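S.K.: Pasting the sequence and the predicted model now:
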Amino acid sequence: MPNNEIGWFHPIDESDQWDGFNDPGIETFAGSPIRNLAREVNQNALDAGETAPVIVKIFLHKVATGTIPDLSEFKINLKACYKASKRESTKATIFFKIALEELNKKNISVLEISDYNTTGMKGPCVNETPYYAFMKAKGQSRKDSDTAAGSYGIGKFAPYSASLVRTIFVSTIFQDDSNVSHQYTQGKSILMSHDCNGKRKQGVGFWGVNHKCQPVEGAVSELPDWIQRVKSNEDMDKNKGSKLSVICFDASEHWQEYIAVSAAENFFGAINAEQLQVNINNDYILEKKTICDFFKNEHIHRLIKNLQNEPEQFENSGNYLAALQDDPEVIVEDSETNELGHVQVRILIGEGLPKKVCMLRNGMFISDSLSGLKSFSDFKEFVAVVQCLNDKGNELLRAMEPPKHDAFEPDRLPTKKEQRKGTKALKDLAKWIRAMLKRHARDPVSEVTEIDELKDFFGEEGSDGSGSGIEEINPYGEVKIHAKPIKMKLQTTSIPGNEAGSSDGDDSGKGGGGDSGSGGGDGKGGKGKKIGGTSGNLQKPLVIINNVRAIPSGSRTRKVSFTPSKSGKISIRLMQAGADTDYDVFIKKSSSGNISNGCIEMNVVAGHRYRLNVVFYKDYLGAVKVVANEV
């Protein structure tokens, strides 16, 4: 056989082994082949990135079946596998029957996946190079960075799971160490062992130079355009990157949407950071300026509602993306840890958020179910996004990830010392994240209050709240239990500088006055200035305000956001949330509106979002309520 002979070639297996149909690599992605394909190809493109953003273009083509190189040889191999499959399993037999039917059609579907602004798969085709790792090696991953998204060399099997003939073509352009450009083009099939002319053939076969199964180098005029990255050697210098062609692509209905959903859910961080752009058949272009709207697409929501883990995963990803935006409502905290270095958490508090902490690495979603960060029953509704911003830290995290990159497992580290380091890194990270969430998202613990409905179930220790209970339990007779009365404290608040003569009523004496003007008096009202306290404001109609936020930005400052339900002039009051009564927290300054009697008066438009920076007279870090009244 001439060394330069080109065609399909399955090497002879002289060890009498057998490659079964159920290849472990392909089976890993068989459950959701299209969505897994989207994750893996974008991950590989990011790992090969040279300049930002990496651009991935995914297009479906219809091509003439006869343009498959050396089609007759390819069919012979499939027929031999079909014959062998009858002794293996019904599943294998059905697969090869369908594969042969596909190749007897006039046209086939080819999914082209091309990346740009990448290095391509660097050669030559020898061990320890990225090209060799992708096309020839098993269980090997060769990346230019120790913090690359992939690490096991398993993701390269995803394209085969989306092919009805388990076959792909790769055409890549890279530059060698002397900056000379090369184009390698090669096909690969992962089938099963079969016998041909009395010889056992391996299940994995290649199209290219038969001798040692090498790629075809340079542009080849006889090859169709849908296979080669470029068709002219003069074009190689300007077209670094790779083209992967999945032949006989299993193009199920809405394949574009499923690829787009997978890309958005897994890489919203990289897309938002302008590290990645994904174009799916020109139907969906995912980039920084479009990704937020994609998560709001009602057509997508309707389409995925019956898929596994959907639409929750899609909706959660949209919420995580919101936490990555430059929004004053997003709380950002940074820290330096011993093992991971610089880490950052971004917290968004709001109604309807799922109380989840999402971990990203290099812009790729890893998990939102990490140990120690799952239970937040006594917290406000929130989402948090955590990222390690240190290369050494990301290297450690990557080493703890399983092949699916969906968790962190310290036991995967090679030594006990490193496993202890990994365990400590994760525990310290979780402890710090919880501390930040307690600071910003924990519900305040309410004070003790009397609950009359339960007084028959608690013993009385004395009328003044001290001493022993006055009833003794008779174990042989009726049990009598009395409630213990609790002394309640009343609080008086007033605007600093207006303490004397202020009251909660108005100067007509119709408030709930008393000597101090704090309410609960005889109804004659105070005689001081008209402060507009609690009782006075309650006489004015309330205005419903939606999506209220009051985020502390200092001991005397809050970032207050709300959306009014009606237009007009309103008065905004902030109130300390008490156990029995809410107390005014008087406002000294506001970035919008006018201050009147410790409140903010401003004109609003229904449905418009308002954001205010307010300053209190006194320090207060507790929970506040935001109340609006008509003026």
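M.R.: Ah, there it is. Numbers count the residues shown, from 1 in each chain.
S.K.: Mind checking the pLDDT average for stretch 417-435?
M.R.: For stretch 417-435, the mean pLDDT works out to 96.
S.K.: what's the spacing between that stretch and its chain's center?
M.R.: Its chain's C-alpha centre and that of stretch 417-435 lie 21 Å apart, by CA atoms, centre = their mean, to the nearest Å.
S.K.: Which positions in that stretch come out as buried?
M.R.: Of all the residues in stretch 417-435, those buried under the rule 16 or more other CB atoms under 10 Å are 419, 421-423, 425-426, 428-430, 432-434. Backbone N, C-alpha and C define where each C-beta goes, glycine included.
S.K.: Export that stretch to PDB, keeping only CA atoms.
M.R.: Only the C-alpha atoms of stretch 417-435 are listed here, as PDB (Å, rounded to 0.1, in the frame of the first residue of the first chain):
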ATOM      1  CA  LYS A 417      -2.300  16.800  51.100                       C
ATOM      2  CA  GLU A 418      -3.900  18.300  48.000                       C
ATOM      3  CA  GLN A 419      -7.200  16.700  48.900                       C
ATOM      4  CA  ARG A 420      -7.100  18.400  52.300                       C
ATOM      5  CA  LYS A 421      -6.200  21.700  50.500                       C
ATOM      6  CA  GLY A 422      -9.100  21.300  48.100                       C
ATOM      7  CA  THR A 423     -11.600  20.400  50.900                       C
ATOM      8  CA  LYS A 424     -10.400  23.500  53.000                       C
ATOM      9  CA  ALA A 425     -10.700  25.700  49.900                       C
ATOM     10  CA  LEU A 426     -14.300  24.700  49.300                       C
ATOM     11  CA  LYS A 427     -15.300  25.000  53.000                       C
ATOM     12  CA  ASP A 428     -13.700  28.400  53.400                       C
ATOM     13  CA  LEU A 429     -15.400  29.600  50.200                       C
ATOM     14  CA  ALA A 430     -18.800  28.300  51.300                       C
ATOM     15  CA  LYS A 431     -18.300  29.900  54.800                       C
ATOM     16  CA  TRP A 432     -17.400  33.300  53.300                       C
ATOM     17  CA  ILE A 433     -20.300  33.200  50.800                       C
ATOM     18  CA  ARG A 434     -22.800  32.400  53.700                       C
ATOM     19  CA  ALA A 435     -21.300  35.300  55.700                       C
END
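S.K.: can you list contacts of that stretch?
M.R.: With contact meaning CB atoms under 8 Å, 6 or more residues apart in numbering, stretch 417-435 is reached by 335, 337-340, 343, 345, 357, 370-373, 384, 386, 393, 396, 399-400, 408, 410-411, 413.
S.K.: Report the buried members of those.
M.R.: The buried subset of the contacts of stretch 417-435 - by 16+ other CB under 10 Å - is 335, 337, 339-340, 343, 345, 357, 370, 373, 384, 386, 393, 396, 399-400, 408, 410, 413.
S.K.: Pull the host helix or strand of Ala92 out as PDB, backbone CA atoms only.
M.R.: When elements are assigned from DSSP states H and E, Ala92 belongs to helix 90-103. Written as PDB, here are the backbone C-alpha positions of helix 90-103 (Å, rounded to 0.1, in the frame of the first residue of the first chain):
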ATOM      1  CA  THR A  90     -30.700  -5.100  18.600                       C
ATOM      2  CA  LYS A  91     -29.700  -1.600  19.400                       C
ATOM      3  CA  ALA A  92     -26.500  -1.900  17.300                       C
ATOM      4  CA  THR A  93     -28.400  -3.600  14.400                       C
ATOM      5  CA  ILE A  94     -31.000  -0.800  14.200                       C
ATOM      6  CA  PHE A  95     -28.300   1.800  14.300                       C
ATOM      7  CA  PHE A  96     -26.400   0.400  11.300                       C
ATOM      8  CA  LYS A  97     -29.500  -0.300   9.400                       C
ATOM      9  CA  ILE A  98     -30.500   3.400   9.700                       C
ATOM     10  CA  ALA A  99     -27.000   4.500   8.900                       C
ATOM     11  CA  LEU A 100     -27.000   2.700   5.600                       C
ATOM     12  CA  GLU A 101     -30.400   4.100   4.800                       C
ATOM     13  CA  GLU A 102     -29.100   7.600   5.400                       C
ATOM     14  CA  LEU A 103     -26.200   7.000   3.000                       C
END
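S.K.: same for it, what does it pack against?
M.R.: helix 71-85 (3 or more CB pairs under 8 Å, 6 or more residues apart in numbering; DSSP states H and E).
S.K.: where in the stretch 501-631 of the chain is pLDDT low?
M.R.: Residues of the stretch 501-631 of the chain that meet the criterion pLDDT under 70 lie in 501-539, 578-581.
S.K.: hmm, back to that, reformat the buried residues of stretch 417-435 as a markdown table; add distance to Asp16 and secondary structure.
M.R.: Formatted as a markdown table, the buried residues of stretch 417-435 follow (distance: CB to CB, whole Å; DSSP: H, G, I helix; E, B strand; the rest coil):
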| residue | distance to Asp16 | secondary structure |
| --- | --- | --- |
| Gln419 | 40 | helix |
| Lys421 | 46 | helix |
| Gly422 | 43 | helix |
| Thr423 | 45 | helix |
| Ala425 | 48 | helix |
| Leu426 | 47 | helix |
| Asp428 | 53 | helix |
| Leu429 | 51 | helix |
| Ala430 | 52 | helix |
| Trp432 | 57 | helix |
| Ile433 | 55 | helix |
| Arg434 | 58 | helix |
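S.K.: which two from those end up farthest apart in space?
M.R.: Put simply, by CB to CB the two of those set farthest apart are Gln419 and Arg434, 22.7 Å from each other.
S.K.: Which residue ranges of the stretch 351-500 of the chain form helices?
M.R.: Taking DSSP state H, counting those that start in this stretch as the test, the helices found in the stretch 351-500 of the chain are 391-399, 416-441.
S.K.: What angle do helix 416-441 and the first one make with each other?
M.R.: In terms of direction (axes from the mean of the first three to the mean of the last three CA atoms, to 10 degrees), helix 391-399 departs from helix 416-441 by 110 degrees.
S.K.: pull the CA atoms of helix 391-399 into PDB?
M.R.: Taking C-alpha atoms only, helix 391-399 is exported to PDB below (Å, rounded to 0.1, in the frame of the first residue of the first chain):
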ATOM      1  CA  ASP A 391      -5.500  31.600  37.800                       C
ATOM      2  CA  LYS A 392      -4.100  29.300  40.500                       C
ATOM      3  CA  GLY A 393      -7.500  29.100  42.200                       C
ATOM      4  CA  ASN A 394      -9.200  28.200  38.900                       C
ATOM      5  CA  GLU A 395      -6.500  25.600  38.300                       C
ATOM      6  CA  LEU A 396      -7.300  24.000  41.700                       C
ATOM      7  CA  LEU A 397     -11.100  24.100  41.000                       C
ATOM      8  CA  ARG A 398     -10.600  22.600  37.500                       C
ATOM      9  CA  ALA A 399      -8.600  19.700  39.000                       C
END
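S.K.: avg pLDDT for it?
M.R.: In the prediction, helix 391-399 has an average pLDDT of 94.
S.K.: Contacts for that helix next, please.
M.R.: Here helix 391-399 has contacts from 146-148, 151, 337, 339-343, 361-362, 366, 388, 408, 412-413, 418, 421-422, 425, using CB under 8 Å, 6+ apart.
S.K.: now it, how far from the centre of its chain.
M.R.: Put simply, helix 391-399 sits 19 Å off its chain's centre (CA atoms, centre = their mean).
S.K.: cool, stretch 585-601 as well?
M.R.: Put simply, stretch 585-601 sits 39 Å off its chain's centre (CA atoms, centre = their mean).
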